[in-house]
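K.L.:
The sequence isn't on hand, but the structure is:
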């Protein structure tokens, strides 16, 4: 007699397959790791096959596990489709939504505004992951990701949020040090702060070669917020988003007409999940906040604006 497989067992399998570690998967499922281990063992027993190799580095899918992964993801898509089709338009917004964002946008823009979303939907649990990294939606590292480019593959939906401007900034307290800068070629004669080369998580962040190839940073950090703080104390010049640095009185912009970079924020959602109430409410909130921000991301460059 064929055994019936509980959907919770498959959800547990997917979590472990994506995380690669039992403890991380258990935290994401909000269950005890011992319970999760028992679920994986129960699934392997029900299927009479080994799904993972248990290594010191984590859980690695076997050939049979790889086959199950594709089927389980298809089932997951069907479950999301059922939730979307059956739920009424007035369904309560509840559950957990995780938003993955670069640290600048997540910390300086989204975090001060996210309370309004929580207030509007008391049953919604919000996880804001503001880190200098990209997020894999296929591995469910986030439900909504803010990225710097649209995805080139996968069942992902991308929507442009906004273009944003960046410039070179230095400490206002050291304005006399920057007064001799007349062109981008002069920038290389001053100390610079930038990203750690092998930790740049998106090619769009590799700014310096587009400004002057002779610039070699002497302070590097993976964190945009750390770069800003170092620049604000006079440690060097730094390429920073105007929405982050333009309103910081500790900073002054250098060569605003000559050095002007533009990048784009994209909001990316897995196609299977975009219509779920918690996802659609959160994505609509983020889009609305960006639209209401006016010229925060692209400063008004008319005479007299200071830029």
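P.N.:
Noted; the coordinates are in hand. Small disclaimer: the values here were computed from a predicted structure and weren't measured.
K.L.:
now for the helix or strand that contains residue 59, which elements pack on it?
P.N.:
Residue 59 belongs to strand 58-61 when assigned by DSSP states H and E. With contacts defined as 3 or more CB pairs under 8 Å, 6 or more residues apart in numbering; DSSP states H and E, strand 58-61 has these neighbours: helix 7-19, strand 52-55. For the C-beta atoms, the positions are set from N, CA and C on the backbone; glycine is no exception.
K.L.:
Which residues outside the longest helix along the chain are in contact with it?
P.N.:
Longest helix of the chain, by residue count under DSSP state H: helix 63-86. Under the criterion CB atoms under 8 Å, 6 or more residues apart in numbering, residues 7, 10-11, 13-14, 17, 47, 49-52, 61, 155, 272-273, 275-276 lie in contact with helix 63-86.
K.L.:
Now that helix: average pLDDT?
P.N.:
Mean pLDDT, computed over helix 63-86, is 76.
K.L.:
Which helix or strand lies directly C-terminal to it?
P.N.:
Taking DSSP H and E as the definition, the helix or strand right after helix 63-86 is strand 95-101.
K.L.:
Can you list the strands that that following strand pairs with?
P.N.:
Using DSSP bridges, strand 95-101 pairs in its sheet with strand 124-130 (parallel), strand 144-147 (parallel).
K.L.:
Return the most buried member of those strands.
P.N.:
strand 144-147 (a mean of 23; mean count of other CB atoms under 10 Å).
K.L.:
next structured bit after it?
P.N.:
Per DSSP H and E, the first helix or strand lying C-terminal to strand 144-147 is strand 156-171.
K.L.:
which residues touch the helix or strand following that following strand?
P.N.:
Next in sequence after strand 156-171, counting helices and strands by DSSP H and E, comes helix 175-178. Helix 175-178 is contacted from outside by 170, 190, 237, 252, 254, using CB under 8 Å, 6+ apart.
K.L.:
Give the next helix or strand downstream of helix 175-178.
P.N.:
Later in the chain than helix 175-178, the nearest helix or strand by DSSP H and E is strand 192-194.
K.L.:
State the mean pLDDT of that next one.
P.N.:
For strand 192-194, the mean pLDDT works out to 96.
K.L.:
Could you list every helix and strand in contact with it?
P.N.:
Partner elements for strand 192-194 (3+ CB pairs under 8 Å, 6+ apart): strand 219-220, helix 224-232, strand 237-241.
K.L.:
Show me what that strand is in contact with.
P.N.:
Identification of contacts with strand 192-194 by CB under 8 Å, 6+ apart yields 207-208, 215-221, 227, 230-231, 235-239.
K.L.:
repeat that with 10 Å
P.N.:
Contact partners of strand 192-194, identified using CB atoms under 10 Å, 6 or more residues apart in numbering, comprise 168-170, 200, 205-208, 211-212, 215-221, 226-231, 235-240.
K.L.:
Quick one: buried ones out of the residues you listed?
P.N.:
Buried subset of the contacts of strand 192-194 (neighbour count, 16 or more other CB atoms under 10 Å): 168-170, 200, 205, 207-208, 211, 215, 217, 220-221, 227-231, 235-240.
K.L.:
Return the member of the helices and strands packed on strand 58-61 having the minimum mean pLDDT.
P.N.:
If you rank the helices and strands packed on strand 58-61 by mean pLDDT, helix 7-19 sits at the bottom with a mean of 88.
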